[in-house]
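>>> Sequence and predicted structure, then a few things I'm wondering about:
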Amino acid sequence: RHFDTMGDQESGKVTEVDYYMLLGVSRDADAESIQKAFRKLAKSFHPDKFTNPEDHARAQARFIELREASEVLLDANKRQIYDMYGIKGLTKQNWEVGAHLKTPEEVMRDFARLRRREQEDYIERMVGQHSTVTAQVDATALWRGAAGNDESEDAKLTAIIMKQRIKVPLGEQDTLEAHGTLLASGTKAGGSLGLNLEHAFSPNAHVSVASTFSPGASLIGFRGWRKLTPHSEGLIDLKFPIGGEPSLELVTSRILTKRGIVGTAAWRVAPSPSYRVDVRHSEEERSWSTAIQLGQTKAEASASLMRKWSKKLSASGSSSAWIENASLGFNVQAMLMYRVSHLSSAGIGFNLGSSGAALCLQYVRHGQKINLPIRFADQLSTASLSVALFLPAALAYLSKLLIFDPISERKQLKKLERLRREREEHIRQQKEKAESYRQLMEDKVAQKREEEEGKNGLVIVHAIYGKLPDKSKQPDPAANEAEGEQNPFAIDVSIPLQFLVENSQLHLHPQSKAGLIGFYDPCPGEDKHLEVIYLFKNKIHRCIIHDLDPLRIPLQSHLENQLDTE
C-alpha cells in the first residue's frame with residue numbers, strides 16, 4: 001500500500017508534507033519535470049533574493065523544505081520509500097528498500113502493540129458469545145377492531161424466546177460450544193441445553209460430538225467433516241434422539257465456477273427420506289441463494305437475496321413456497337438494516353405468508369440480537385398487504401430522519417470538535433508556514449497579476465479553500481468576498497493560486513489541495529472545496545471543485561452570465 005496523503009486528509013489524521021503537491025507535479029512525474037518544477041520555485045524562494053532579515057529567514061526555511069522535497073523525489077530509492085511509508089520512512093538509517101533496522105524502543109513499542117492485539121483476539125476467540133431474544137407480539141385483535149370487524153383489543157405478548165451460544169477454544173485443536181434456549185408462552189415454559197465438542201485432526205478434517213437436553217426431546221449426535229478436493233467437501237450428520245428413531249444426513253458441496261458459486265446436495269437417509277439441492281454465491285456487497293427440497297410429504301422451493309447499498313444501509317429478502325399434505329403455503333419476508341454505529345445496527349421489515357402478515361423490528365449489537373415480530377393480520381388482504389409493504393418503508397425513513405441521522409450528526413460533531421482540539425497546535429504551525437510562503441510570493445504575484453491584466457489573461461479575483469457554506473443561503477456576492485476571513489474553517493488562497501498561474505493557465509492535480517504551496521488544511525477530517533472567481537479576457541468566471549478533484553482554468557463553462565467588466 002502506497003503512502004497516501006488524501007486518505008489522511010479525509011480521516012483527519014496528522015498529515016505530512018505532500019512533496020508532489022508542494023512542487024506542483026503529479027505522482028507519476030519524471031525526473032526532468034521534478035527538476036524543472038524545483039528550479040522554478042527556487043528562483044522565487046531562494047534566500048539570496050531577500051535582503052530583509054525576516055524575509056531572508058522565512059525564505060531559508062521554505063527553500064530548505066523545497067530542496068528536501070526535490071532531493072527525495074529525484075532519488076529512486078528515497079522516492080520509493082516515501083511513496084510507501086511517507087516522511088517517517090525516510091528517517092530510517094537504511095535507505096535501501098526492504099526491512100528497516102529498528103531501535104530497541106521501536107521494537108518494544110511494536111511488541112507491546114502486537115501483544116495488545118493478540119490479547120484482544122484471544123479474548124474474542126475465548127468467549128465467542130452470541131445471543132438472540134425474540135418477543136412475539138399478537139396485534140391481530142387490534143387490527144380487526146380497527147377494521148370494524150370486531151371490538152378493539154390491545155396487542156399482547158404471546159411468547160418470549162431467548163437463545164444463547166458461547167464458544168470457547170480448549171486448545172489448538174479442540175473447541176467447546178454451549179448453547180441454550182428458553183421459551184415462555186402464556187402459562188407454559190420450556191427450554192433446552194446443549195453441548196458440542198469439536199476436534200480438528202487437520203485443517204481439512206474435523207469431527208464433533210453434540211448433546212442436547214430438553215424435556216422429551218434429548219438427543220446425542222455425531223458429525224464428521226472433510227475436505228475431499230480443493231474444490232469440494234463432504235459432511236456426515238448422525239443423530240440419536242432418546243426414545244426416537246435415529247437420523248442420518250449426507251451432505252456434499254462443491255465450488256462450481258471461478259466466481260465462487262457453490263452447489264450443495266443433501267440426502268436425508270432416515271427416518272423420513274428427503275433430498276435438498278441449493279446453489280449460493282456470497283460477496284462482500286451482495287449474496288444470493290436458491291434451494292429445492294423434496295420429501296415424502298412436502299416439497300419446497302426457496303430463494304434469498306442480500307444487498308449492501310452503502311456502508312450503512314443494506315437490505316435482505318427471502319421467499320419460499322411449498323406443498324405439504326396436498327395444501328399450498330408460501331412466505332415472503334424482507335428486512336432493511338441501518339448501521340447506527342460501528343457495533344450496532346437497527347432494522348425494520350415485514351413477513352407475509354399463508355399464516356398472515358407481521359411487522360418485524362430488529363436490533364443487533366456485537367453478536368447480540370433482539371427481534372420483535374408484531375403479527376397484525378391472521379390472513380392476507382389488500383389492507384394488510386398495503387400496511388406490510390408501505391409501513392416499514394415509512395417507519396424506516398422517519399427513524400432515519402428523526403433518530404439515526406441526528407444521532408450520527410451529533411457523534412460526528414463531537415468527533416470533529418475533539419479533532420480540532422487535538423490538531424489546534426498542528427493547524428497553527430501549518431498556518432504560519434503557509435503565511436510565510438504567501439508573504440514571500442507577494443512581489444512575484446503582483447508582477448504576475450500585472451502581466452496577466454496587461455494581456456487580458458488569467459487574474460485570480462478571489463479564491464477560498466476549506467469547508468464552504470451553502471451558497472443558496474448566502475446569495476450576496478459581497479458576503480462571498482469576506483467569507484475567507486469570517487469562516488474559521490476556510491482560508492483565502494487568492495495569492496497562492498495567482499502564483500501558480502503560468503501563461504494564463506492554471507492546472508491542479510487530483511490530490512488534496514492542502515498540500516499546495518501556500519495552502520494548509522483549516523478543517524481536518526471535514527469535506528473541503530475550492531472556490532475560484534477569476535477574470536479571463538476581462539470577463540468574470542466562477543467555479544467550485546471538490547478538494548480531491550483536478551482543476552483546469554480558464555474554461556468556457558465557468559463564464560458567468562454577466563456584462564463585460566469594462
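Arrived safely.
>>> How many neighbouring residues does Ala205 have?
13 (other C-beta atoms under 10 Å). The way it works is simple: take the backbone N, C-alpha and C, and place the C-beta from them, glycine included.
>>> tell me the pLDDT at it?
Here, the pLDDT recorded for Ala205 equals 94.
>>> how much space is there between it and Leu228?
10 Å (C-beta to C-beta, to the nearest Å).
>>> With Pro392 instead?
Separation of Pro392 from Leu228 (C-beta to C-beta): 43 Å.
>>> and the two? which has more neighbours close in?
Pro392 (20 against 12).
>>> Quick check: that one touching Ala357?
No: counting by C-beta atoms under 8 Å, Pro392 does not reach Ala357; the two are 11.1 Å apart.
>>> Please enumerate the shared neighbours of these two.
Residues touching both Pro392 and Ala357 (C-beta atoms under 8 Å, 6 or more residues apart in numbering) are Phe350.
>>> List the residues that contact Gly180.
Lys163, Gln164, Gly191, Ser192, Leu193, Gly194.
>>> pLDDT score for the last one?
Pointing back at Gly194 there. pLDDT, Gly194: 94.
>>> Spell out the secondary structure type for it.
strand (DSSP: H, G, I helix; E, B strand; the rest coil).
>>> And the helices in this structure, which stretches?
Remark: helices assigned in the chain by DSSP state H are 5-11, 19-23, 31-45, 53-74, 76-85, 104-126, 140-146, 382-399, 405-440, 442-454, 477-481, 483-486, 494-500.
>>> pull the CA atoms of the third one into PDB?
Put plainly, it is helix 31-45. Output of helix 31-45 as PDB, limited to C-alpha atoms (Å, rounded to 0.1, in the frame of the first residue of the first chain):
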ATOM      1  CA  ALA A  31      12.900  13.400 -13.000                       C
ATOM      2  CA  GLU A  32      13.000  16.200 -15.700                       C
ATOM      3  CA  SER A  33       9.600  17.500 -14.600                       C
ATOM      4  CA  ILE A  34      10.600  17.400 -10.900                       C
ATOM      5  CA  GLN A  35      13.900  19.200 -11.600                       C
ATOM      6  CA  LYS A  36      12.100  21.900 -13.700                       C
ATOM      7  CA  ALA A  37       9.500  22.500 -11.000                       C
ATOM      8  CA  PHE A  38      12.100  22.900  -8.300                       C
ATOM      9  CA  ARG A  39      14.200  25.300 -10.300                       C
ATOM     10  CA  LYS A  40      11.200  27.500 -11.000                       C
ATOM     11  CA  LEU A  41      10.300  27.600  -7.300                       C
ATOM     12  CA  ALA A  42      13.900  28.100  -6.300                       C
ATOM     13  CA  LYS A  43      14.000  31.300  -8.300                       C
ATOM     14  CA  SER A  44      11.200  32.700  -6.200                       C
ATOM     15  CA  PHE A  45      12.200  31.500  -2.700                       C
END
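>>> okay, the angle between that helix and helix 76-85?
Note on geometry: by axes from the mean of the first three to the mean of the last three C-alpha atoms, to 10 degrees, helix 31-45 and helix 76-85 are set 80 degrees apart in direction.
>>> how about low-confidence regions in the chain?
1-16, 91-128, 145-153, 470-486, 562-566 (pLDDT under 70).
>>> Look through it and report the residue furthest from the middle.
Distance from the centre of the chain peaks at Thr51, with 52.9 Å (C-alpha atoms, centre = their mean).
>>> What's the separation between it and Gln447?
18 Å.
>>> Now do the contacts for Ile185.
Slight slip there: residue 185 is Ser, not Ile. Thr158, Ala159, Ile160 are the contacts of Ser185 under C-beta under 8 Å, 6+ apart.
>>> hmm, which of these are the buried ones?
Neighbour counting with 16 or more other C-beta atoms under 10 Å marks none of those as buried.
>>> what about Phe390, how many neighbours?
Per other C-beta under 10 Å, the neighbour tally for Phe390 reads 11.
>>> same check, this time on Glu442
12.
>>> Next up, the contacts around the residue nearest to it when sequence neighbours are not counted.
Of all residues not flanking Glu442 in the chain, Ile495 sits nearest, at 6.6 Å (C-beta to C-beta, 6 or more residues apart in numbering). The contact partners of Ile495, by C-beta under 8 Å, 6+ apart, come to Arg438, Met441, Glu442, Val445, Gly518.
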